[in-house]
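**Student:** Quick one, structure for this:
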Amino acid sequence: MISIQSLAADNLYSVISVGYSDVELLQESNKGLGYKIAFGYQIDPQWYVEAGYQQLIHDKLYLTDLPTAKDVTNGENLQQGDALFVAFLGKASGPMGELFYRLGVLKTDIRGQQLLAGVGQCELGEANVLAIADFGTATMCDYDEGGVAGVIGLGFDYFISARAMVRTEIEYIKGQDNLTVATATVGLRYNF
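**Tutor:** The predicted structure is shown next:
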């Protein structure tokens, strides 16, 4: 006799992925590494539901140190971005693995700092005027923008054992405040 608990565990999986993100906010692109941790459940032979946490980008913000003259000249735009997500994955299985597409929603939180030469106006956040050594006056725009975004993605889970798969995926995220994120990730999926 098969128990309900064992049936539920057979349909459950976890995913840990790392990847590269191109985040655009304030008409400026910012690239960096991120990761994703998720749990999924097979609700139908061709459908999964997946929920988790995704770090979109993680730059070091100016919390204790002041920016340098070089940072201001380069127009630094530093960002830290996170998201909680839920998505539906449609899949097609084959002998090598599973091809899938992703449709979902994210609750995003982007924190950042944008440097402007001189005294300027901020598109987002609060303006702080700073005196920078060997440069003069600069404006640092501090912002923390939360919002909702949609995601579409395409990926492949390659079988490496009965329970483990290597996941490759690309995603496109579009959200509030003209947030645009393109990601490419590689990770491990483990079926319980």
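
**Student:** helix or strand for the residue nearest the centre of the chain, which one?
**Tutor:** By Cα atoms, centre = their mean, the chain has its centre lying nearest to residue 56, at 2.6 Å. Following DSSP states H and E, one finds residue 56 within strand 47-58.

**Student:** I'd like to know which elements that strand is packed against.
**Tutor:** Counting contacts by 3 or more Cβ pairs under 8 Å, 6 or more residues apart in numbering; DSSP states H and E, strand 47-58 is packed against strand 12-25, strand 28-44, strand 77-93, strand 97-117. To be clear about C-beta, it is placed using only N, CA and C from the backbone, and glycine gets the same treatment.

**Student:** Quick check: phi and psi on residue 161?
**Tutor:** Torsion angles at residue 161 (phi, psi; degrees, to the nearest 10) stand at phi -160, psi -180.

**Student:** What about it, how many residues nearby?
**Tutor:** Residue 161 is flanked by 8 other residues according to other Cβ atoms under 10 Å.

**Student:** Against residue 11, how distant is it?
**Tutor:** From residue 161 across to residue 11, the span is 18 Å (Cβ to Cβ, to the nearest Å).

**Student:** before we move on, what about residue 58?
**Tutor:** The value you get for residue 58 to residue 11, if Cβ to Cβ is used, is 32 Å.

**Student:** do the same with residue 90
**Tutor:** From residue 90 to residue 11 the distance is 16 Å (Cβ to Cβ).

**Student:** ok, now residue 93?
**Tutor:** 14 Å.

**Student:** so where is the chain shaky, pLDDT-wise?
**Tutor:** Confidence mapping of the chain against pLDDT under 70 gives the ranges 1-9.

**Student:** and residue 107, how many neighbours?
**Tutor:** By other Cβ under 10 Å, the residues close to residue 107 number 14.

**Student:** Just to check, it is in contact with residue 146?
**Tutor:** Yes: with contact defined as Cβ atoms under 8 Å, residue 107 reaches residue 146; the gap is 7.3 Å.

**Student:** wait, what's in contact with residue 174?
**Tutor:** Residues near residue 174 by Cβ atoms under 8 Å, 6 or more residues apart in numbering: 149-150, 180.
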